[in-house]
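1. coordinates only, no sequence provided:
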Ligand code: PRT
Ligand code: ZN
């Protein structure tokens, strides 16, 4: 029985850098030779495999890799049998239908009988049939967005992030059919040893992810506002409060959720907090 897990990440592309950054933040060290497909870690029982993103789901399903990091869009399109263990919170995008800007849009029914170019025939096909639309799906592997402009299709179904690619090609987004982000997937039947390494990996990944969604906050507060501020910032268990040399004031330390950041800061200020310092957290284990 092999006592390592093989983690498939995208060789080069939009997922690569962030996938490797998470591995590094998990304290997993490896040396990479750019021409090689594999990189073993020397301080964690893991080997990295560098693959094209489209191949990751089937390689994980087949057990060539034990785990992988891939976009949900690719996973859903490939329909591979894997377990989704964790949403990674990066490479967020959506799969949308775009039509020429000059064409008015009233409803999805308008796509009946039309030709739609995409690299996602399964996801598009399912969406169209759920909506009772019969359209011709024209599968192309790249530069989907130029298809209407060169007369190859009436519409596109492609990944959108900022929307600027659609815009630059004279298209507008009319339907969102799928929302995606990078996920960590695993083979459905790992042996006990690999499963336990996966647990250790997930523990670290979650600590890194959690840290990213919180900030450490230090501030000076008038003593008679401590209770009010404590209610605004419950912290991990409860905030740390230590007296300042200045009579009537304390220093308060706690954590704040990134999502509520500005709203919380405004409330803290109106409750009398001063000298607010906000510090990134590297790892967070609760
Ligand atoms: O070579 P390999 O097959 O491994 O890579 P790839 O070229 O197939 O994929 P890659 O690296 O482009 O994307 C990998 C994954 O990143 C995708 O499967 C998505 O999960 C995710 N992702 C996030 C994106 C985008 N954002 C994105 N903007 N994938 C593609 N795009 C493209 C899109 O196809 C379109 O051409 O960017 C353009 C749209 O971007 P905006 O910002 O102009 O809307
Ligand atoms: Zn790809």
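-> Now that the structure is in, tell me what you want to look at. As the structure is a prediction and not an experimental result, all values here were calculated from the model. Ligands and ions are numbered 1, 2, ... in the order given.
2. longest single helix anywhere in this structure?
-> Identified as the longest helix of the chain according to DSSP state H is helix 192-212.
3. and whichever helix or strand comes after that helix, how far from the chain's centre?
-> For helix 192-212, the following helix or strand on the C-terminal side (DSSP states H and E) is strand 214-222. Averaging C-alpha positions (C-alpha atoms, centre = their mean, to the nearest Å) puts strand 214-222 28 Å from its chain's average.
4. and what of stretch 127-137?
-> 28 Å.
5. about what we covered before: what packs against the longest helix of the chain?
-> strand 5-10, helix 16-25, strand 83-87, strand 182-186 (3 or more C-beta pairs under 8 Å, 6 or more residues apart in numbering; DSSP states H and E). In this view, the C-beta of every residue, glycine as well, is placed from N, C-alpha and C.
6. surely residue 29 is in contact with residue 39?
-> No: checked against C-beta atoms under 8 Å, the pair residue 29 and residue 39 is beyond contact range at 10.1 Å.
7. which of these two has more neighbours?
-> Between residue 29 and residue 39, counted using other C-beta atoms under 10 Å, the more crowded position is residue 39 (20 against 11).
8. just to revisit the earlier point, for the helices and strands packed on helix 192-212, which one sits closest to ligand 2?
-> strand 5-10 (7.8 Å; C-beta to the ion).
9. which parts of the stretch 51-200 of the chain sit against ligand 1?
-> 52-54, 71, 73-74, 91, 93, 158-165, 180 (C-beta under 6 Å from any ligand atom).
10. buried ones in the longest helix of the chain?
-> Buried positions in helix 192-212, judged by neighbour count with 16 or more other C-beta atoms under 10 Å: 194, 197-198, 201-202, 204-209, 211-212.
11. what is the nearest of those residues to residue 227?
-> residue 211 (28.0 Å; C-beta to C-beta).
12. wait, isn't the closest one in contact with residue 283?
-> Yes: if you go by C-beta under 8 Å, residue 211 and residue 283 touch, sitting 5.1 Å apart.
13. that older thread, so what's the gap between the longest helix of the chain and the chain middle?
-> 16 Å.
14. can you check what angle separates it from strand 5-10?
-> 50 degrees (axes from the mean of the first three to the mean of the last three C-alpha atoms, to 10 degrees).
15. which residues does helix 192-212 contact?
-> The contact list for helix 192-212 (C-beta atoms under 8 Å, 6 or more residues apart in numbering) reads 1-5, 7, 22, 25-28, 44-46, 66-67, 85-86, 88-89, 184, 186, 190, 258, 280-286.
16. quick one: end-to-end distance for stretch 99-107.
-> 12 Å (C-alpha to C-alpha, to the nearest Å).
17. the residues of the stretch 51-200 of the chain next to ligand 1 in helices, which ones?
-> 73, 74, 164, 165.
18. mind checking pLDDT for the third one?
-> To tie it back to what came earlier, the one meant is residue 164. Predicted confidence (pLDDT) for residue 164: 96.
19. so how far is ligand 2 from it?
-> Distance, residue 164 to ligand 2, using C-beta to the ion, to the nearest Å: 20 Å.
20. so where's the stretch 1-150 of the chain uncertain?
-> 1-2 (pLDDT under 70).
21. can you pull out the helices in it?
-> Remark: helices assigned in the stretch 1-150 of the chain by DSSP state H, counting those that start in this stretch are 16-25, 56-62, 72-78, 121-130.
22. now the ones you listed as TSV including mean neighbour count?
-> TSV is the format used below for those (neighbours: other C-beta atoms under 10 Å):
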stretch	mean neighbour count
helix 16-25	18
helix 56-62	21
helix 72-78	21
helix 121-130	16
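23. quick one: which of those helices is nearest residue 136?
-> Closest among the helices of the stretch 1-150 of the chain, using C-beta to C-beta: helix 121-130, at 10.1 Å.
24. any idea how far residue 223 is from the residue in the chain sticking out farthest from the centre?
-> Computed with C-alpha atoms, centre = their mean, the maximum C-alpha offset from the centroid of the chain is found at residue 247, amounting to 46.9 Å. Taking C-beta to C-beta, to the nearest Å as the measure, residue 247 falls 9 Å from residue 223.
25. name the residues of the protein found near ligand 2, please.
-> 53, 54 (C-beta under 5 Å from the ion).
26. redo the helices and strands packed on helix 192-212 as TSV? Include distance to residue 217.
-> Converted to TSV, these look like this (distance: least, C-beta to C-beta, whole Å):
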stretch	distance to residue 217
strand 5-10	34
helix 16-25	21
strand 83-87	26
strand 182-186	28
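27. hey, what's residue 116 bridged with?
-> residue 137, residue 155 (DSSP bridges).
28. fine, thanks again, bye for now.
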